[in-house]
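# Structure for the following, please:
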Amino acid sequence: MKRIQVRALLFFAILMLLFVTRTHAQPARLTSLSTDGINIYAGTERDGVIIIKDKGRSWIPLSRPAEKKNGWWEIDHLGGKGGTIIAGGKATIYISTDTGTSWRLLPPMGELLTVNFNGTDIWMTTHASVFVSNDNGVNWKDIGLKINFATVPVMVFNGNEVYAGGSGTKNKVYVLRSQDRGETWTRIDKDLVGYYITSIAINNDKVFVGTNRYSDYMQTGVFLLNDDKNAFKRVTTGDISSMAASKGNVYAAGGSSVMVSTDNGSTWKSAGETFNGNRFEDERKKIMSAVIAAENTVYAAAGYSLYVLTDTATSWARYESTKKYEEAFVKREQDIEDAAKLKKRAKYKAFEDEEYASIIEAYNIYIAKFQGQSKEEMEAAKLNRDGKTVEAITVLKNVAVPTGKLMNQLAALEYNKKNYSEAYDMAGNALKLESNNPGFMVSRGFAALALGKPGETISLMDRLLIKTPGLATAHLLRGMALRAENQPQQAIGAYSKALQADAQLKAAFRERAAVFMKLSRYEDALKDYSQYISLDSLSTTTFNMRGMANARLGKFNESLADYTRSIQLAPNNYYALNNLGMLYLANKQFQLAAENFNQSNLFIDDYADNYFGLARVYDNRKVYREAYNMIKKAMALDSLKQPYIATYIQILITGGFENQAIIEADKLLGMNEKNTDGWLLKAMAQNNIKDFTGGINTMNAAIEKVPGNYLLYSMRAYIYRQQGNTAAADADDAKAKELSSK
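Take a look at the predicted model:
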């Protein structure tokens, strides 16, 4: 119990390793935002397109074009509506019409600047020209907006009105207005000479233009178009990078802040309470890249962060893209893994069903005695023998007036397909016709047990056994129901009667062995498993279970042989692979243990015992970070399994986190106050931080709860000795020796 001594610097390093989660490669800056009023679309500097939902809480990274699967996918501008998304950067423009599932590269049209969805049309401005599509992006028409200006970076629709603006030659700016959906244009840029136009927003038919400076002496800001729609006046100053309008409010982002006007530009104030002095900054002090408004919520992108202000909030919520993107990335990868896992489980499920095969076999052999001889029943029986159970069920269900035997045959087929409710109902219908038919009662009993009704099964079998006391199948089924009712001794008696009636009923051997295992009667279990194997030498499950019995008896070589044979019969048997790993772990053969746990993980990656085993391997090797990661994975799959929690506490202690270990030990003891590991680990942690009094008090409480356990006295003796109380330590050592010898 000597405490592992580790330098303070190493403790700090372990702390960082244990509690800092490794993340996906850091995503780039948010470069652009777009909304269709429902969805929020975000472009990034290198990681493509993200859909943002739930007011910033949920981030969904979309798939990439095939040629962008690896490396950067830089998005400068984008727009989306419904399932259609257009995104562009570095002179390439892609379109998706299925919400980002697939992408198509558009013909060269210049570098994307804006995207607008207006009715059934999509308008797109680039450095080259302005393009419109009337067929959801299949074909594009250059509308020929050629007025000797360099770019059209801004375009906004207001019904049939269209406003376009940008910077032209010789640092001139322009704003254009069309009243016929882009057929003809009129310049309306009076008083805007010499400025960059960055954004246009329309609020209650009022047109606002945001400008950014060309040189320091220029007074940029937000300009309002007059009612005659031929000249502008400035309504507030500042370098404006983006604007948005929603619900009567106008928002202007610039520098490192967002302003809002609720009276059509007459007055302006900061939107929301201050956040870092109302300055939205990232690590590189980048200015706002975009602001949009949707569903009474304002979204502002700044560097690596998204800021969200709802109409019911007074301050901005901040979501860091590094964190949110990682969450979304992990979820997307998990979805892919889950799909693969389902496919894998379907492929490797055969050996799992083998465990129940002998029970189903016993059931079917008995039920076959009650099969009718009609044409349909004979056809269904043949189909079932050929493995076409679904087709067999269809044949029987098409019979206009089914007999009791036919309904019972149908119940058996449904049971074989694990359609237990249907089997239960069919057997019940058969019993309505013949209430004392043994075959019908057996069918109903099997289905009732599968539906969690063991009491009904016991009652049915008691009735049946009064008339046919030597019916092996009825005793087997009764034993299974008694086991489900947690009556192990009575279950053993029922299985024994089944074997007296039929010594070849192999299912009874394995069922009785399972009860013996639960009662720690490992020798008896070993005999029954061996009897089963003598009747069926190809059962991967039974070899695995016999291996467990041998392991409990300390028979390493015999257990090794059984697990090996089980895996030979079914190389995908992850239970046997895990058990073999545990066997090697108990024998301190850590490399072989890890190899088997990892091999088991190849077939099923949500089997918690594999991660539990790996955690113990890494803990024994003193690789604390990996031990911590593995036990956390195990606990994520099964948070209530007490051995997992105890191992977690042990890892915390060996990693030097005794205070946290004490907290976790108290949680474990809250679940089970007689958990010896919980008491010992808590005392060990207290001893390590030299809280000897606390450790002794913990052991006093443990001995009261779990009297007669020599380990508790041995631990208290150790703590007494650390405290310097030699007499008390000697007394406890003597008591521990006395108890251990019994």
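# how far away is the residue in the chain sticking out farthest from the centre from Ala201?
Taking CA atoms, centre = their mean, the residue of the chain most remote from its mean C-alpha position is Asp228, at 57.7 Å. With the distance defined as CB to CB, to the nearest Å, Asp228 ends up 19 Å from Ala201. Glycine gets a C-beta too; all of them are placed from N, C-alpha and C.
# swap in Thr403?
77 Å.
# same deal with Asn39?
For Asn39, the distance to Ala201 - CB to CB - is 20 Å.
# more neighbours, these two?
Ala201 (23 against 18; other CB atoms under 10 Å).
# my guess is the more buried one meets Ile240, correct?
No: using CB atoms under 8 Å, Ala201 makes no contact with Ile240, being 10.0 Å away.
# shared neighbours, those two?
Gly210 (CB atoms under 8 Å, 6 or more residues apart in numbering).
# Tell me the helix or strand right after the helix or strand bottoming out on mean pLDDT in the chain.
Least confident helix or strand, the chain: helix 8-19 with a mean of 34, by mean pLDDT, DSSP states H and E. Next helix or strand after helix 8-19 toward the C-terminus (DSSP states H and E): strand 30-35.
# neighbouring strands for that following strand, and are they parallel or not?
Paired strands of strand 30-35, with direction, are strand 40-44 (antiparallel) (DSSP bridges).
# Now do the buried residues in the partner strand.
Buried residues in strand 40-44, counted by 16 or more other CB atoms under 10 Å: 40-44.
# Could you dump these into TSV with pLDDT and distance to Leu176 added?
Compiled in TSV, the buried residues of strand 40-44 are given as follows (pLDDT from 0 to 100; distance: CB to CB, whole Å):
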residue	pLDDT	distance to Leu176
Ile40	86	29
Tyr41	88	26
Ala42	88	29
Gly43	88	26
Thr44	85	31
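# Farthest pair within the residues you listed?
The largest separation in those, counting by CB to CB, is between Ile40 and Thr44 at 13.2 Å.
# what residues are up against Tyr584?
Neighbours of Tyr584 in contact, by CB under 8 Å, 6+ apart: 590, 592-593, 596.
# so where do the helices sit in the stretch 351-500 of the chain?
Remark: helices assigned in the stretch 351-500 of the chain by DSSP state H, counting those that start in this stretch are 375-385, 389-397, 404-416, 420-433, 438-450, 454-467, 472-484, 488-501.
# The fourth one to helix 404-416, inter-axis angle?
The reference is to helix 420-433. 160 degrees (axes from the mean of the first three to the mean of the last three CA atoms, to 10 degrees).
# Flag every buried residue along helix 420-433.
So for helix 420-433, counting by 16+ other CB under 10 Å, buried means 420, 422-431.
# Could you figure out how far it is turned away from helix 389-397?
Using the same axes, to 10 degrees: helix 420-433 against helix 389-397 is 30 degrees.
# residues in contact with helix 420-433?
403-405, 407-408, 410-412, 414-415, 437, 440-441, 443-444, 446-448, 450-451.
# what does the average pLDDT come to for it?
Averaging pLDDT along helix 420-433 yields 89.
# and if you look at the shortest one?
Taken as a whole, helix 389-397 carries a mean pLDDT of 74.
# Can you point out the buried residues in it?
389, 392-393, 395-396.
# helices or strands up against it?
helix 375-385, helix 404-416 (3 or more CB pairs under 8 Å, 6 or more residues apart in numbering; DSSP states H and E).
# which stretch of helix or strand covers Glu183?
Applying DSSP H and E, one finds Glu183 in no helix or strand.
# Return the distance of it relative to Val250.
In terms of CB to CB, Glu183 sits 29 Å off from Val250.
# Also Lys81?
From Lys81 to Val250 the distance is 22 Å (CB to CB).
# which of those two has more neighbours?
Neighbour totals were compared for Lys81 and Val250, and Val250 leads with 28 against 20 (other CB under 10 Å).
# Would you agree the more buried one falls within a strand?
Yes: the assignment for Val250 (DSSP: H, G, I helix; E, B strand; the rest coil) places it in a strand.
# list the contacts for the closest residue to Met517 other than its chain neighbours?
The shortest distance from Met517 to any non-neighbouring residue, by CB to CB, 6 or more residues apart in numbering, is to Ala525 (4.7 Å). Applying CB under 8 Å, 6+ apart, we find Ala525 in contact with 513-514, 516-517, 545, 549.
# Tyr94: which of the buried residues of strand 40-44 is nearest?
Among those, and counting by CB to CB, the member closest to Tyr94 is Gly43, at 11.3 Å.
# For Ala87, state which of the contacts of Ala525 is nearest.
Closest approach to Ala87 among those (CB to CB): Met545, at 56.6 Å.
# Please name the spatially closest residue to that closest one (chain neighbours excluded).
Computed as CB to CB, 6+ apart, the closest residue to Met545 that is not its neighbour in sequence is Tyr529, at 5.6 Å.
# what ranges of the stretch 401-550 of the chain fall below the confidence cut-off?
Where the stretch 401-550 of the chain drops to pLDDT under 70, the residues are 401.
# could you redo the last one with a cut-off of 80?
401-404 (pLDDT under 80).
# sorry, back to before: how about the helices and strands packed on helix 389-397 in a markdown table, adding mean neighbour count?
Listed next are the helices and strands packed on helix 389-397 as a markdown table, based on neighbours: other CB atoms under 10 Å:
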| stretch | mean neighbour count |
| --- | --- |
| helix 375-385 | 17 |
| helix 404-416 | 25 |
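# how about the ones you listed in CSV, adding distance to Ser34?
Shown next, in CSV, are these (distance: least, CB to CB, whole Å):
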stretch, distance to Ser34
helix 375-385, 57
helix 404-416, 53
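# With respect to Asn725, which of these lies nearest?
The closest of these to Asn725 is helix 404-416. By CB to CB, the value is 65.6 Å.
# Could you figure out how far that closest one is turned away from helix 438-450?
Using the same axes, to 10 degrees: helix 404-416 against helix 438-450 is 30 degrees.
# quick one: helix 404-416 to chain centroid distance?
How far helix 404-416 lies from its chain's middle: 39 Å, per CA atoms, centre = their mean, to the nearest Å.
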